[in-house]
Structures are given as structure tokens and as C-alpha cells.
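>>> when you get a sec, could you give me coordinates for this:
(one chain, ligands or ions: 1)
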Amino acid sequence: MKIDGKHFRSIWREPSGEVRIIDQRWLPHELRIVPLNTRKDFADAIRDMWVRGAPLIGATAAYGVAVQMAADPSDTSLDETYEVLHETRPTAINLKWALDEMNKVLKPLAPQLRAEAAFARAAEICDEDVETNRQIGLHGLEIIREIAAKKGGGRVNVLTHCNAGWPATVDWGTATSPVYHAVEDGIDIHVFVDETRPRNQGAQLTSWELISHGVSHDLIVDNAGGHLMQHGEIDLVIVGTDRTTARGDVCNKIGTYLKALAAKANGVPFYVALPSPTIDWTVVDGVKEIPIEERTGEEVTHVQGRDPEGKIISVQISPDGTPARNPAFDVTPAELVTGLITERGVSPATAEGLAAMFPEFAVQ
Ligand SMILES: CSC[C@H]1O[C@H](OP(=O)(O)O)[C@H](O)[C@@H]1O
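Modelled structure (predicted):
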């Protein structure tokens, strides 16, 4: 999407061949563009969240394989790279999906052919993600149009959690794509942005992308969503996902489950923007089967921001020695989900719905 009028993707390859990313750790205060030149660079970038968001994690891993194939295209190198990148973050299934996609292309090839083929497939994965998200936006737009019509053209108020926007993908975003399409459609739309503790992807990234695109929004604390729903201020919730099971259980940033409970209690539609590479067809019960990343407690005990002199700093908000737990995701059971907005249309959050939408992938 656009930053000060200039179009960006979150990851791209320069004409020189160098792969570059926006290092999201410094947004919204600094736009830092950095090259990723080695397998270690790619692993560090994913593990330490220079890039984050399920689709972008997958796209980054794909380019990480390509860069390593240019360095060493041997079978050993390919197998090691799969493991090194796969172990960076455990929850988003797009990481494994992308690595498997790369292996499908590379394993059968002679080593000397692998680098070119890897860069080609990585570029395809990026382009596919952009089109997938654009399609999700168009299908989500229909939901927003219906709500706008019911409100006689009145403002449609959307709540979203974390960042499932264009910085979480190669472009468009998933949960924000319907919003961008609604703005282009002339619909009066407003977004309530959960700050999303502990890393504040909502405050730092979603607010940044919406203000950069001129989208009306309010930043709210995570705990305000239920109150706003009780008072009729939210018309629908749209969130992203890092892994959705074959029956429609949705794993997403910690706190999503609580929003889904509040939405159910208040009759607010709760939608999940779901690109098909984020469906894990091998798991059914999300609570029991999806590995939840446990990140460092320091993300809970400290907050990053800009000081009065404009310097980006991290400050401690709890006493020395206070321990912290930091599960990074939770699972929303399918029965709390109104619908799954995929690139092929809106599916009920059921095994039957997903199998009908993606018959070629569904486990028979
Ligand atoms: C479009 S997937 C975005 C998804 O990824 C985020 O997690 P993280 O920032 O830790 O990679 C969050 O769960 C978003 O909903």
C-alpha cells in the first residue's frame, strides 16, 4: 500500500537481486528498509519480528530459501534451510506452507537449477498473496455493503485486533483489505483498532497503515471492545488468522478469543479474513492441536515507544523481578465465528463449508 503517496510492498527484490524488507520493529516512528542477505538474516527477521504476520512470514521464508539456494543449492543445504526457517516461529502455518511449496519445486531439480527456480517461486508466492488478499477484500466488501445498506448508508463501525493489514502480508492485508475496498467504494467506514498488547501491533502498525491511507479510525485499549459492543458502537469484527483448522477453529493473536466471546454475547458479527494457505487441513481441534508460541516475558514487562527527543526506547512498566507469561496467540472455536472470508468467498466456519470452498485441499 502507500506510504506518503509512494507504493510499497512489505518485501520485495531489488533489480540488483537483493531482497529487502520494511523492518517493522521501528514503525510507526521510523521507516527502516533493510536487506536480507543470508539465511541467518531471514531467520532472525522472522524470529525477532522484523517481519510478522502469517502471509508475510511465509513469503519471507520463501525468499530465505532462494537466497540460500544461491549460496549452496545442495540437498543438505535445502534440508537444513527448511529446518532453520521452520523453527523460527511455531504458530503461523504459512511458514510451513511456504517451505513445503519451495520444496515441491526444488527437490526434483538438479542443484544448479535451484536458485533461479526458487526466486521465481518466491516471487509467485508474493504475487499470489497480493491477489488473494485483494479477493478477500472484495468478498469482505459485500458484508460491509450489506451493513451499510441496513444502516441507510450510515457509518459502518469495524473492530479489528492486532495487525492483519498490509504489513502482515505482502500487500493489501487480510482483515484490512475489505476496509480499503469499502473506502474506495465510498462507504462511510470507521475502524476501532485494538492496541493489542503486548507488542502493540494495532497501535504501532494498524494505526500507521490506516492513517497513511486516510482511513477514519480510533485506537482503543484491548479491554474497551466489549464495552463498545454493549453500547452498539461496533457493527462487525474482522480479524486475521495465523492458522485455521479444517473445521474452522481460528488461531490468532492473543485476545482474539475474548473479542469473539464479547461479539457473541452482543450479537455482533465476527468474521475472520482467511487466505487459503493459512488453513491447516491436518488439524481439527485448534485448542488441542495448534502450538501456541510463548514469547519472552520482556514483551509484557516493557513497552517500546518514542521519547520526547524522538528516540525509540523501551521502558519497563513492572517492578524488577516481576515474572511474566506471554502466550502470543489463542484459539477461537468455530462456533464463535460468523464466517470465514476467503479469496473464493465467505465460508461458514465448518468442516463442510471449508471442504466445499476448497475441495482440492480438504482431507477426504
Ligand atoms: C494476516 S495474518 C496477521 C496475524 O499475524 C499476527 O501475529 P504476529 O504479529 O505475531 O505475526 C496476528 O496474529 C495477526 O492477526
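>>> longest helix anywhere in the protein?
In the chain, taking DSSP state H as the definition, the longest helix is helix 114-150.
>>> now the next helix or strand after that helix against helix 114-150, angle please.
Beyond helix 114-150 in the direction of the C-terminus, DSSP states H and E gives the next helix or strand as strand 156-160. Orientation check (axes from the mean of the first three to the mean of the last three C-alpha atoms, to 10 degrees): strand 156-160 against helix 114-150 gives 140 degrees.
>>> which other helices and strands does strand 156-160 contact?
In terms of contacts (3 or more C-beta pairs under 8 Å, 6 or more residues apart in numbering; DSSP states H and E), strand 156-160 is packed against helix 114-150, strand 189-194, helix 225-230, strand 236-239. Bear in mind the C-beta positions are built from the backbone N, C-alpha and C, glycine included.
>>> could those be laid out in TSV, adding distance to the ligand and mean neighbour count?
Output for the helices and strands packed on strand 156-160, formatted as TSV (distance: least, C-beta to the nearest ligand atom, whole Å; neighbours: other C-beta atoms under 10 Å):
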stretch	distance to the ligand	mean neighbour count
helix 114-150	8	20
strand 189-194	10	24
helix 225-230	15	18
strand 236-239	6	25
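>>> need the residues that contact the helix or strand residue 83 falls within.
Element membership for residue 83 (DSSP H and E) is helix 75-86. Helix 75-86 is contacted by residues 39, 42-43, 46, 61, 64-65, 68-69, 71, 95-96, 99, 103, 106-107, 111, 114 when judged by C-beta atoms under 8 Å, 6 or more residues apart in numbering.
>>> which of the residues in that helix are buried?
Across helix 75-86, burial judged by 16 or more other C-beta atoms under 10 Å covers 77, 78, 81, 82, 84, 85, 86.
>>> do the same with stretch 332-348
Across stretch 332-348, burial judged by 16+ other C-beta under 10 Å covers 332-334, 336-343, 345-348.
>>> still on that earlier bit, what average pLDDT does the longest helix of the chain get?
On average, the pLDDT along helix 114-150 is 98.
>>> relative to helix 75-86, how tilted is that helix?
Between helix 114-150 and helix 75-86, the angle comes out at 30 degrees (the same axes, to 10 degrees).
>>> and the pLDDT for residue 364?
With respect to pLDDT, residue 364 has a value of 57.
>>> and what of residue 7?
Residue 7 carries a pLDDT score of 90 in this model.
>>> distance of the nearest residue to it once chain neighbours are set aside from residue 74?
Counting by C-beta to C-beta, 6 or more residues apart in numbering, residue 7 lies nearest to residue 1, which is 7.2 Å off, once chain neighbours are set aside. To residue 74, residue 1 is 39 Å away according to C-beta to C-beta, to the nearest Å.
>>> surely residue 342 is in contact with residue 138?
No: counting by C-beta atoms under 8 Å, residue 138 is not a contact partner of residue 342; they are 11.3 Å apart.
>>> which bits of the chain sit near the ligand?
With C-beta under 6 Å from any ligand atom as the criterion, the chain meets the ligand at residues 52-55, 162-164, 168-169, 174, 201, 239-240, 242, 252-253, 328.
>>> tell me which of those residues fall in strands.
239, 252, 253 (DSSP state E).
>>> give me every residue that touches the second one.
So the one you mean is residue 252. When contacts are counted by C-beta under 8 Å, 6+ apart, residue 252 touches 161, 162, 164, 239, 240, 241, 242, 272, 329, 330, 332.
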